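Undergrad: Using only what follows, build the 3D model:
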Amino acid sequence: MIKDDLLAILVCPLGRAPLRQEGDSLVCTKCGLRYAVRDGIPNMLYEEAELPEGVKSIADLACAKEAGVAAS
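TA: Numbering: from 1, shown residues only. Sure, this is the predicted structure:
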């Protein structure tokens, strides 16, 4: 569980959108990318995040398009 004061300053590394907590994950409110939280520490590497259902690549996400991330 992430403390509220930390959650308030964390954003999606791709599009800088706010995050919401869902179980053991932080979810981008804009693109739906799901960042794992283990032992209270969020893994904010978008390359290791879980894609939303129906999305095949990070480049397809709204935040990635905004940030200019190319498909790899």
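
Undergrad: can we go C-alpha only for contacts and neighbour counts from here?
TA: Fine.

Undergrad: Can you tell me the SS state at Leu6?
TA: Under DSSP: H, G, I helix; E, B strand; the rest coil, the three-state class of Leu6 is helix.

Undergrad: That one: neighbouring residues, count only.
TA: Leu6: 8 surrounding residues under other CA atoms under 10 Å.

Undergrad: quick one: it and Gly15, what's the gap?
TA: Leu6 sits 18 Å away from Gly15, going by CA to CA, to the nearest Å.

Undergrad: Show me where the chain has its strands.
TA: In the chain, the segments counted as strands under DSSP state E are 19-22, 25-28, 34-38, 41-42.

Undergrad: JSON lines for those strands, including mean pLDDT and distance to Leu51?
TA: As requested, the strands of the chain are exported to JSON lines (pLDDT from 0 to 100; distance: least, CA to CA, whole Å):
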{"stretch": "strand 19-22", "mean pLDDT": "97", "distance to Leu51": "14"}
{"stretch": "strand 25-28", "mean pLDDT": "98", "distance to Leu51": "10"}
{"stretch": "strand 34-38", "mean pLDDT": "97", "distance to Leu51": "6"}
{"stretch": "strand 41-42", "mean pLDDT": "94", "distance to Leu51": "16"}
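
Undergrad: any idea which of the ones you listed is most buried?
TA: Among the strands of the chain, strand 25-28 has the highest mean neighbour count (mean count of other CA atoms under 10 Å), at a mean of 24.

Undergrad: Need the residues that contact the helix or strand of the chain with the lowest mean pLDDT.
TA: Lowest on mean pLDDT, DSSP states H and E among the helices and strands of the chain sits helix 62-67, with a mean of 85. For helix 62-67, contacts defined as CA atoms under 8 Å, 6 or more residues apart in numbering pick out 14-17, 30-31, 58-59, 70.

Undergrad: do the same with stretch 45-55
TA: If you take CA under 8 Å, 6+ apart as the criterion, stretch 45-55 is touched by 13-14, 31-36, 43, 57-58, 61.

Undergrad: could I get the residues you listed as JSON lines with distance to Glu50?
TA: Formatted as JSON lines, those follow (distance: CA to CA, whole Å):
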{"residue": "Pro13", "distance to Glu50": "14"}
{"residue": "Leu14", "distance to Glu50": "14"}
{"residue": "Cys31", "distance to Glu50": "11"}
{"residue": "Gly32", "distance to Glu50": "9"}
{"residue": "Leu33", "distance to Glu50": "6"}
{"residue": "Arg34", "distance to Glu50": "5"}
{"residue": "Tyr35", "distance to Glu50": "7"}
{"residue": "Ala36", "distance to Glu50": "8"}
{"residue": "Asn43", "distance to Glu50": "11"}
{"residue": "Ser57", "distance to Glu50": "10"}
{"residue": "Ile58", "distance to Glu50": "10"}
{"residue": "Leu61", "distance to Glu50": "12"}
